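1. prediction below, plus the sequence it came from.
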Amino acid sequence: MAKPLTLEKILFSQGFGTRRYCSDLVYADLVKVNGVLAEDPEEKIPPENLQLEVDGQAWEFHEKAYVAFHKPVGYECSHKTSHHPSVYGLLPQPLIERGIQCVGRLDWDTTGLLLLSDDGQFIHKMTSPKKNIGKIYDITTAEPITQKQIDHLLNGVILDDDPKPCFAKACVQKEDKLLAMTIVEGRYHQVKRMLAAAGNHVAGLHRSTIGAYTMPTDLAEGQWRWLYPQDLQELGKNIDIA
């Protein structure tokens, strides 16, 4: 059991501003703790299962932030964008203040499951090629998919900048122009380049699954949700990532 923390420290750790500002939020009657209006920023509170409300915004206490986000098309996974708005602009400010970062990236025109965290060890483990964490992409192709193309992807294609073959771990054809492909690497524009090398082209790309964690069907584009211990286990089945 974690030791109690002052309310001021709790609010600061969650990204609600400087410690002075967090104290002022309490004094301004803008903070509720488990539904009860807080009065003292120095009050010590057990952080387990803590439910906050800060200036009308409901907030769960999480020592480390692990987030699943449904990335829409037209957004870049960067703070310093080049041609499109940033996904960070779709997230609440407290997450930004506490330094949340994308766990890998999706291209601006790719939709689907994006993970974010402020836990550097988690980010490193989830993006390490040594962990072989599979990612499933639903690929809409420009031309009908052939068995020859699927075999090529499974047996390995050569990308133009690397003589080492690039393999799909699995391919499941869902429709004439819809392929679910699993990869464990994370090379630049990998899926698009693999399909091109196999003799087809990507018309639409959506990441649905990382590890054994599939994005919830009720998570709408542009929305996010917390990840809990069971979700983290699914992200890295048989891998110590937490």
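-> The structure has been received and is ready for your questions.

2. skipping adjacent residues, who's closest to residue 192 in space?
-> What sits nearest to residue 192 in space, not counting adjacent residues and going by Cβ to Cβ, 6 or more residues apart in numbering, is residue 202, at 4.7 Å. In this view, the C-beta of every residue, glycine as well, is placed from N, C-alpha and C.

3. equivalent analysis for residue 25, please.
-> Taking Cβ to Cβ, 6+ apart, and ignoring the residues beside it in sequence, residue 25 has residue 31 as its nearest neighbour in space, at 5.3 Å.

4. quickly list what the one you found is bridged to.
-> Beta bridges link residue 31 to residue 54, judged by DSSP bridges.

5. which residues sit in contact with it?
-> Taking Cβ atoms under 8 Å, 6 or more residues apart in numbering as the criterion, residue 31 is in contact with 7, 11, 25, 37-38, 52-55.

6. drop anything exposed from the residues you listed.
-> Neighbour-count burial (16 or more other Cβ atoms under 10 Å) applied to the contacts of residue 31 gives 7, 11, 25, 38, 52-54.

7. what's the most distant pair in these?
-> With Cβ to Cβ as the measure, no two of the buried ones among the contacts of residue 31 lie farther apart than 7 and 53, at 12.4 Å.

8. what about the spatially closest residue to residue 97 that is not a sequence neighbour, how many neighbours?
-> Once flanking residues are discounted, residue 97 sits nearest to residue 15: 3.6 Å by Cβ to Cβ, 6+ apart. Other residues within reach of residue 15, judged by other Cβ atoms under 10 Å, total 20.

9. what do you get for residue 120?
-> Here the neighbour count serves as a burial measure; for residue 120 (other Cβ under 10 Å) it reads 11.

10. kindly report the same for the one 4 residues further on.
-> Residue 124 has 12 neighbours, counted by other Cβ under 10 Å.

11. related to what we said a few turns ago, as TSV, the buried ones among the contacts of residue 31 with distance to residue 81, pLDDT and secondary structure would be great.
-> Formatted as TSV, the entries for the buried ones among the contacts of residue 31 read as follows, by distance: Cβ to Cβ, whole Å; pLDDT from 0 to 100; DSSP: H, G, I helix; E, B strand; the rest coil:
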residue	distance to residue 81	pLDDT	secondary structure
7	36	97	helix
11	30	98	helix
25	31	97	helix
38	38	95	coil
52	31	97	strand
53	32	97	strand
54	28	97	strand
